[in-house]
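Engineer: Take this sequence and fold it.
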Amino acid sequence: MPREIDPFYVQPQDKLEDMADVLKPALEFTDADLDRLSPEAKNLFAGRRRLGIDWLDRYEVVLEITRSPGGCGCGVREGQKIVFDMRHKVKPGLSDAPLCVHLMAPALSLFYMTFDRAAEGLNPMTCVWRYIECPMTGHHGEAKALAEVSLRTTDTHEPVFKRWLNEEPK
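Structural biologist: Numbering: from 1, shown residues only. As a prediction, the model looks like this:
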């Protein structure tokens, strides 16, 4: 679909007026700063129109250990979890796995695409991004820990499986 008629792409003439009262104080922007934003930056901010300004607070990412052979040097075990907020910070009160940087490092790539997908109203977790593996393999890969990645709500901790985070576009 050409960008001129794509309802999810911010048009160059979009001044983000409906969001200015929130964006300007949060980013210490002036009207001139908003005018100078690139279409790509406007598109990123405009995603909040669809999901709401507070969408980062409504979801969290969970890494649940699905495989951890006895040789894992960090001590992660099957069934343990590492929970992140949508700002990439570990939530220690909800996490019970040792904080293994080797297992957490692959999760960083999830956050690189999170905002882009969410700006379109899409669930950032897809079938492609459902599993990560620890790069520390031990002897011939026998100690490699694996984790399933999921998105869940912060209030009920229910997993989010729907494709669209808000309502599906018409």
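Engineer: Just say helix, strand or coil for the residue nearest the centre of the chain.
Structural biologist: Residue closest to the average C-alpha location in the chain (C-alpha atoms, centre = their mean): Thr114, at 3.7 Å. State at Thr114, reduced to three classes by DSSP: H, G, I helix; E, B strand; the rest coil: helix.
Engineer: so how far is Arg77 from it?
Structural biologist: Thr114 is 27 Å from Arg77, where distance means C-beta to C-beta, to the nearest Å. Glycine gets a C-beta too; all of them are placed from N, C-alpha and C.
Engineer: Repeat that for Met86.
Structural biologist: The gap separating Met86 from Arg77 is 26 Å, by C-beta to C-beta.
Engineer: Quick check on those two: which one has the bigger neighbour count.
Structural biologist: Between Met86 and Arg77, counting by other C-beta atoms under 10 Å, Met86 is the more crowded of the two (19 against 13).
Engineer: Leu51 is in contact with the more buried one, correct?
Structural biologist: No. The criterion here is C-beta atoms under 8 Å, and Met86 misses it with Leu51 at 10.7 Å.
Engineer: hmm, back to that, give me the pLDDT value at the residue lying closest to the residue nearest to the centre of the chain once chain neighbours are set aside.
Structural biologist: Leaving aside its chain neighbours, Thr114 sits nearest to Pro124 (4.1 Å; criterion: C-beta to C-beta, 6 or more residues apart in numbering). pLDDT, Pro124: 75.
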